[in-house]
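Student: Sequence and predicted model, in that order:
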Number of protein chains: 2
Amino acid sequence: MSKAIPKRSEDYSLWYNELVKRADLAENSGVRGCMVIKPYGFGIWEAMRDQLDRMFKQTGHVNAYFPLFIPKSYLSREASHVEGFAKECAVVTHYRLKNAEDGSGVIVDPEAKLEEELIVRPTSETVIWSTYKNWIQSYRDLPLLINQWANVVRWEMRTRLFLRTAEFLWQEGHTAHATAQEAIAETRQMLDIYARFAEEWMAMPVIRGVKTESERFAGAEDTYCIEALMQDGKALQAGTSHFLGQNFAKAFDVKFATKEGGLELVWGTSWGVSTRLMGALIMAHSDDQGLVLPPKLASTQVVIVPIYKGEEQLQLIGEKVAEIKSALLAKGISMRYDDRDTERPGFKFAEWELKGVPVRLAIGPKDMEKGTVEVARRDTGEKTVVALDENLPDYIEQLLADIQQSIYQKALKFRQENTHVVNSWDEFKQVLDDKGGFLLAHWDGTAETEEKIKEETKATIRCIPLAGQLDAVEEEGVCVYTGKPSRQRVVFARAY
Amino acid sequence: MSKAIPKRSEDYSLWYNELVKRADLAENSGVRGCMVIKPYGFGIWEAMRDQLDRMFKQTGHVNAYFPLFIPKSYLSREASHVEGFAKECAVVTHYRLKNAEDGSGVIVDPEAKLEEELIVRPTSETVIWSTYKNWIQSYRDLPLLINQWANVVRWEMRTRLFLRTAEFLWQEGHTAHATAQEAIAETRQMLDIYARFAEEWMAMPVIRGVKTESERFAGAEDTYCIEALMQDGKALQAGTSHFLGQNFAKAFDVKFATKEGGLELVWGTSWGVSTRLMGALIMAHSDDQGLVLPPKLASTQVVIVPIYKGEEQLQLIGEKVAEIKSALLAKGISMRYDDRDTERPGFKFAEWELKGVPVRLAIGPKDMEKGTVEVARRDTGEKTVVALDENLPDYIEQLLADIQQSIYQKALKFRQENTHVVNSWDEFKQVLDDKGGFLLAHWDGTAETEEKIKEETKATIRCIPLAGQLDAVEEEGVCVYTGKPSRQRVVFARAY
């Protein structure tokens, strides 16, 4: 711990970057726009991935793997899709290097030029629907409920660790159905799974909504999303689920024989979350001391730091810790005993605070005498002295559950305090600049107004909330910008 | 099941290809050399991956993620490494497409040319060691024990599903150590883990050995490997573990401050297994009826097929199956009840045989009367009538363990019968052509002789077996080809 990270209030953006690096989550690589996810960060991603994977499998989905490369002609089949992705893609044009004749090193071999260029997948609808054409003949082949965990590449010009990188890791679900109704139900089901994961596992409240036409996925009929609020008052889109209609079935000619003997185009969905969730997780809860991790996703839930002078004390503490360890493991609680003799307790405390370990136990000679242990919770910093007896594991189990709940409630309270109903254009601009957060405002429903508001304020419509998502949205009113009639408030914010 | 797959004895290669496709494991995609891994095949890969991942973690390794792209200049840093990989790599040269002016579609935007070309990783030593340079300063930073699960691309001209594809999935471990001794011990430890996985999980016996210089990984000091024998008498390299010496540390200037205050180059290892293991698994055990899966890697271990007339019988059987199911689940045995009313039992039997499910239960009305069930094991085809009572789950658990052992023993016996000690050049050629398999022969230790033998017979030295690996290898003799002295026999074979 060379020095403290910057304060959020001083420079939120710098705080985020330093936190990501100093807590050993990720760093920029020597490859433009691509990050290295470090072991500590990757462990958190693994926990997220494993839980999402369980939720997908519980709802009947299976995993598969499709090619990294997409022939240029595939991408071009769906007009709005290629329009959306062609401008930011990595293109493979050659398949060999050779030694330069002047001995200066290796160069691209001009004779090894591909007949058709390959795009590194920015998303896999095209390559997957070109495959589904062979897998789907009859209604008996439907639904097809497939997910893929993969890396994808979008050539972003301005990148930020986890939030926007040229290469990122994600999952992409691609399903095929016999009816529009069933495909829409699937789209909504996956949105609900994402929301449940965000709230119950990441402890991050989200609004479920639908995107406006201009924010829709390239090739979708409807894009549903979950939107979260970060501590600097900016919104973050945390997951999307698309109803694709029959667009990709049309583009790749995917038809099925119906029960009644007809031949119809297949209906599709796609849905994804990415390593961007890591950025959301970090920004939703962390503070000026470092990361705050929800216990359900922390790879180390409890750290024990011994406070001792001399080998003898250390050994006695070590014996006690061995007991605690097996009792915690029996409850499925992960713990780490930090008995490094190269660092002092204060250094260790700061390091585990920086890394967001939810619960810290400290045991010294006095504790050993009295049969107690000091328990510190990371989220509030609160310390309690607890008896070192057979009730300790239950106490810690309960404490972890409390922390999980408590950081969710804190984030929810923050969102409530930073969600503002605004009724005029002046109010809109003033609240946006002074307070930020989610603005609930009436909008006339046109892309033109949406675009003008974005140009003037950099605020975008994050979503049109689904029924029951927020108070005070389902009411008639007039657009804050044009004064034209509106049937419900939508959520505006500046966003990541 | 439209028709039977070809017989192994008629066309082994066609048998393999058809089996992979018909058992729903994988298929060729529209992208040259890239495969689609289908859900059933991917489920087996997931089981393999999860077990390997556990074994890596049990030995102190952690996962991380490094960039997909490698700048051309990185690849060039280690001379033999670039020599080994430059000829078969996918090269990204541009980062944007644009609409063609003649309206013919999208084309590569010539203005979006990269200053430095990026190689799609064929392996990640260079990008990882360029990162390790920043992570390693002192002996306290060592060892670094990191693994990555990733996709890699090698531009193969002749591809076969799982065995040789342009893109494949793998894991690559990359470790850094303070001493050569420790790095060599790591290299050997990972070889042992691969061997244990192959034998205990895949039920596939392997020989542990070291590669000759000409078969070594590009950039390694020593390459260790496990070699398996397929049913057509050809060898398959199933995993490699490399001692890298200080080669990559030199190339990327990775030094550490020693305990004694010096500054030394770091020692490295790398090791990997890939989706090629799927090919090995398929070819090691399967027969003319289809896949034979080891129970430990089968995603469905038991299938139950009801034999019935009418709804009433089906319902009675269904109730019984529900009981069996919960009893099996309680033992961690995965099962599937195939009560599809669209197919006959015979069709179902053939389908699950094709898909390699280890145990099949069939229950008909007579079984219900007598309280019995017919149990068929996939590996031998043997059928037994067993009492449908509370002992059934134990019986099945034991049967699965027997099958796991039995297919290992069968493969081991096959290997023993197809491992031949040969002592002259004529014998070498005759045995290779007539019988195939592993040939244990003396070799004079030169790359020249190795190359000549390869040219004349297409047989390569699979490995120099480690001590204790095979009988009859540790003895002095003379090279079968040149008559020069040799200190031990090596393993020759034609190989995948």
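Tutor: Now that the structure is in, tell me what you want to look at. Numbering: from 1, shown residues only, chains lettered A, B, ... in the order given.

Student: Name the nearest residue to A:Pro306, sequence neighbours excluded.
Tutor: Leaving out its chain neighbours, the residue that sits closest to A:Pro306 by Cβ to Cβ, 6 or more residues apart in numbering or on different chains is A:Ile317, at 4.4 Å. No exception for glycine: its C-beta is placed from N, CA and C like everyone else's.

Student: Before we go further, A:Met190 is sitting in a helix, right?
Tutor: Yes. Under DSSP: H, G, I helix; E, B strand; the rest coil, A:Met190 sits within a helix.

Student: could you say which helix or strand contains the residue nearest to A:Pro306?
Tutor: A:Ile317 is part of helix A:310-330, with elements assigned from DSSP states H and E.

Student: Show me what the helix or strand that that helix is followed by is in contact with.
Tutor: Per DSSP H and E, the first helix or strand lying C-terminal to helix A:310-330 is strand A:335-337. Contact partners of strand A:335-337, identified using Cβ atoms under 8 Å, 6 or more residues apart in numbering or on different chains, comprise A:300-304, A:306, A:318, A:321, A:324-325, A:328-329, A:357.

Student: buried stuff in the helix or strand just after strand A:335-337?
Tutor: Scanning forward in sequence from strand A:335-337 by DSSP H and E, the next helix or strand is helix A:345-354. Residues of helix A:345-354 classed as buried under the neighbour-count rule (16 or more other Cβ atoms under 10 Å in any protein chain shown) are A:Lys348, A:Phe349, A:Ala350, A:Glu351, A:Trp352, A:Glu353, A:Leu354.

Student: And the lowest-mean-pLDDT helix or strand in chain A, what does it pack against?
Tutor: In chain A, the helix or strand scored least confidently by mean pLDDT, DSSP states H and E is helix A:79-85, which has a mean of 86. For helix A:79-85, the elements it packs on are helix A:72-75, helix A:247-252, judged by 3 or more Cβ pairs under 8 Å, 6 or more residues apart in numbering or on different chains; DSSP states H and E.

Student: how about the helices in the stretch 151-300 of chain A?
Tutor: Along the stretch 151-300 of chain A, counting by DSSP state H, counting those that start in this stretch, helices occupy A:180-196, A:247-252, A:276-285.

Student: can you give me the end-to-end distance of stretch A:84-94?
Tutor: End-to-end span of stretch A:84-94 (Cα to Cα, to the nearest Å): 25 Å.

Student: wait, I meant stretch A:249-259
Tutor: End-to-end distance of stretch A:249-259 (Cα to Cα): 19 Å.

Student: Report the mean per-residue pLDDT for it.
Tutor: In this model, stretch A:249-259 has a mean pLDDT of 97.

Student: which stretch among the helices of the stretch 151-300 of chain A comes nearest chain B?
Tutor: Nearest to chain B among those is helix A:247-252 (10.3 Å), distances taken as Cβ to the nearest Cβ.

Student: Next, the buried residues of that closest one.
Tutor: Buried, per 16+ other Cβ under 10 Å, within helix A:247-252: A:Asn247, A:Phe248, A:Ala249, A:Ala251, A:Phe252.

Student: Next: stretch A:365-379.
Tutor: Along stretch A:365-379, these residues count as buried under the neighbour rule (16+ other Cβ under 10 Å): A:Pro365, A:Asp367, A:Met368, A:Thr372, A:Val373, A:Glu374, A:Val375, A:Ala376, A:Arg377, A:Arg378, A:Asp379.

Student: Now, these that are in strands?
Tutor: Under the assignment DSSP state E, the buried residues of stretch A:365-379 contribute A:Thr372, A:Val373, A:Glu374, A:Val375, A:Ala376, A:Arg377 to strands.

Student: so what's the last one up against?
Tutor: Spelled out, that is A:Arg377. A:Pro358, A:Val359, A:Leu399, A:Ile403.

Student: one more time with 10 Å, if that's ok
Tutor: A:Arg377 is in contact with A:Val292, A:Pro295, A:Pro358, A:Val359, A:Arg360, A:Lys383, A:Thr384, A:Leu399, A:Leu400, A:Asp402, A:Ile403, A:Ser406, counting by Cβ atoms under 10 Å, 6 or more residues apart in numbering or on different chains.

Student: PyMOL command to pick out the buried ones of these?
Tutor: The PyMOL command for the buried members of the contacts of A:Arg377 (criterion: 16+ other Cβ under 10 Å) is given here:
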select buried, chain A and resi 292+295+358+359+360+399+400+403+406
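
Student: and the buried residues of helix A:247-252, which two are the farthest apart?
Tutor: Greatest spatial distance in these: A:Asn247 and A:Phe252, 9.8 Å, computed using Cβ to Cβ.

Student: Quick check: neighbours shared by these two?
Tutor: A:Arg77, A:Glu78, A:Glu125, A:Trp129.

Student: Give me the mean pLDDT for stretch A:140-155.
Tutor: Mean predicted confidence for stretch A:140-155 is 97.

Student: Only the buried residues of that stretch, if you could.
Tutor: Residues of stretch A:140-155 classed as buried by neighbour count (16+ other Cβ under 10 Å): A:142-155.

Student: Show me the two of the residues you listed that sit farthest apart.
Tutor: Spatial extent of the buried residues of stretch A:140-155 (Cβ to Cβ) is set by the pair A:Leu142 and A:Trp155 at 35.2 Å.

Student: tell me the contacts of A:Ser124?
Tutor: Counting by Cβ under 10 Å, 6+ apart, A:Ser124 touches A:65-68, A:70, A:74, A:130-131, A:148, A:150, A:152, A:172, A:174, A:270, A:272.

Student: Can you tell me which of the residues you listed is nearest B:Thr342?
Tutor: A:Thr131 (24.1 Å).

Student: could you give me the average pLDDT of the host helix or strand of that closest one?
Tutor: Taking DSSP H and E as the definition, one finds A:Thr131 inside helix A:125-135. Averaged over helix A:125-135, pLDDT sits at 97.
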